[in-house]
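Asker: the following comprises the amino acid sequence and a computationally predicted model.
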Amino acid sequence: MAIGVGIIGCGGISAHHLRGYQQSDARLVMVADPNEEAARRRAEEAGCAWVTDYRDLLQCDEIDLVSVCVPNWLHYEVSAAAIEAGKAVLCEKPMTTRVSDSEALVKLVEARGAFLQVGYMKRYHPAFQRFKELVGEIGGVETGLLRSYQPFPERLWTDPQMWHTQKDKAGGGPLVHAGSHMIDILCWCCGEVAAVDARVRMRPGTDVDWYTNAILEMKSGATILLEVGWFQHTNFGRHHDGWDELLQLRSPKGVLTIYSVFWNRADALVPVVEFYREEDRTTQVLAFGPVDYFVEEVVDVVSRVASGREPAITAHDGYRVDRVIDAIYRSGERAGRLSLDKE
C-alpha cells in the first residue's frame, strides 16, 4: 500500500516537493498552511485535503511522511512536532536557525528512532555524485575554493515582507540560504571542518550577512577558502544569470571543479564537472543532466520510508552544516580563528 504524505507549508518551495510526490509511489493526503488561500491552491494542485493548522495534519493517521516546507524559523517546531506524532520527516534546509535547536533535534530523532532527512537536494544530482566519486582519484585534497554568489535584487534588502533578510526568522543571510548547500557538499566529500577563521560583512540596515570570506580548516588537514554573498550581478556567471557557484579541490595529482546552476533551474540547466589530471596533463569536462533533483530527492525519501531504510541525509548531517555556519558567524564577530572541537 502506498504511504500517505502531507505537506506543511504551501509557499514556493512546496511546489518542488509536490512535483516529486506526484512522480513517486506515495499518496498525497493533505496539505497545511495558515494562509487559507495558499493551502487551498496547493490542495487543488495535489488533489487532496487541506487545513490551516499543521497540528490537524499531524493528527491524521493516514499520513506516514511529512514535508516541512515552512519558513526557516519554524523548522524546529514543526519537525519536532511531526516526530512526536510518529511521522517521518523531510525537512527543508537549514535544519534549524539555531545550532542549539539542531542539537536538540538530533537528540529527539535518536530518542524516538525517527526518520528525518534534511533537504540538501544537490546530493541527488548525478554531477555532484560523480564529483564525489572523483575526489578519491585526485588523492588527498590539500586546498580548495568554495564559492557561492547568487543574484539578489537590491530592493529586497529593504522589503519588510522579505523574512530571508531577518536574522531571527532566517538564521542568517546568504551564508544560510546559499552557503549551506555547498558546505554540505564539502563535508560530504571531504569530511569534517575542524576550525574556521572568518570575516563577515553585515548588510547595512539589516542584521544578516551580506558577504562572507573564511578559511575552513578540515580535519583531514586540507584548507578550503570560502566566499559567499548576495549581489545584484544579474548578467554574470557561466549562464549569465547571476549565479556564480563552484567547489574546487586541489591535490598534487590534479584539480577537480564542479560548477553548479541556478537552484530552481536544474531541470533546464546542466552542471559541469572539470577534472584535470597531472599524470597525463589532460582536462576532462563532464556534463550531467538536466536532472530535477527535487524529484530525485522526494522519490528516494518515499522509497526509504516505505522500505524502512535510513535517511540519505541525516539529522547529524544537518547539524554538521548548522554548526559550521554558527562557527563562521561567531568567528566573524571575534575576527579570529575558532576551533569547532573546543566549542
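Answerer: Yep, it's here. Numbers count the residues shown, from 1 in each chain.
Asker: looks to me like Trp230 is in a helix.
Answerer: No. Assigned with DSSP: H, G, I helix; E, B strand; the rest coil, Trp230 falls outside any helix and is strand.
Asker: just give the closest residue to it, not the sequence neighbours.
Answerer: Nearest residue to Trp230, sequence neighbours excluded (CB to CB, 6 or more residues apart in numbering): Phe152, at 3.5 Å. For every residue, glycine as well, the C-beta is placed using N, CA and C.
Asker: do I have it right that the one you found meets Phe231?
Answerer: Yes. Phe152 lies in contact with Phe231 (CB atoms under 8 Å); the separation is 6.7 Å.
Asker: higher neighbour count, the two?
Answerer: Between Phe152 and Phe231, counted using other CB atoms under 10 Å, Phe152 has the larger neighbour count: 24 against 16.
Asker: how close does the more buried one get to Trp210?
Answerer: Distance, Phe152 to Trp210, by CB to CB, to the nearest Å: 9 Å.
Asker: so what's in contact with those two at the same time?
Answerer: Common contact partners of Phe152 and Trp210 (CB atoms under 8 Å, 6 or more residues apart in numbering): Pro174, Trp230.
Asker: returning to that earlier point: can you report phi and psi for the residue nearest to Trp230?
Answerer: As for Phe152, its main-chain torsions (degrees, to the nearest 10) stand at phi -140, psi 110.
Asker: Pro153 contacts Phe231, correct?
Answerer: No. Pro153 is beyond contact range of Phe231, at 10.2 Å (criterion: CB under 8 Å).
Asker: okay, now Pro34: neighbour count?
Answerer: Applying other CB under 10 Å, we find 13 residues neighbouring Pro34.
Asker: surely it touches Thr52?
Answerer: Yes. At 5.4 Å, Pro34 counts as touching Thr52 under the criterion of CB under 8 Å.
Asker: low-confidence stretches in the chain?
Answerer: 343 (pLDDT under 70).
Asker: middle-most residue in it, spatially?
Answerer: Tyr120 (3.6 Å; CA atoms, centre = their mean).
Asker: how much space between the residue nearest to that residue when sequence neighbours are not counted and Leu146?
Answerer: In space, Tyr120 comes closest to Asp184 once its chain neighbours are excluded; the distance is 4.3 Å by CB to CB, 6+ apart. Distance of Asp184 to Leu146, computed by CB to CB: 11 Å.
Asker: helices of the stretch 201-343 of the chain, residue ranges please.
Answerer: Assigned by DSSP state H, counting those that start in this stretch, the stretch 201-343 of the chain shows helices spanning 293-307, 315-334.
Asker: right, and these - which one's nearest Val200?
Answerer: Val200 lies closest to helix 315-334 among the helices of the stretch 201-343 of the chain, at 3.1 Å (CB to CB).
Asker: and that closest one, what's buried?
Answerer: For helix 315-334, burial by neighbour count (16 or more other CB atoms under 10 Å) applies to 315, 317-332.
Asker: packing partners of that helix?
Answerer: helix 99-112, strand 116-118, helix 180-190, strand 193-202, strand 209-218, strand 337-339 (3 or more CB pairs under 8 Å, 6 or more residues apart in numbering; DSSP states H and E).
Asker: can you check what angle separates it from strand 209-218?
Answerer: Interaxial angle of helix 315-334 relative to strand 209-218 (axes from the mean of the first three to the mean of the last three CA atoms, to 10 degrees): 110 degrees.
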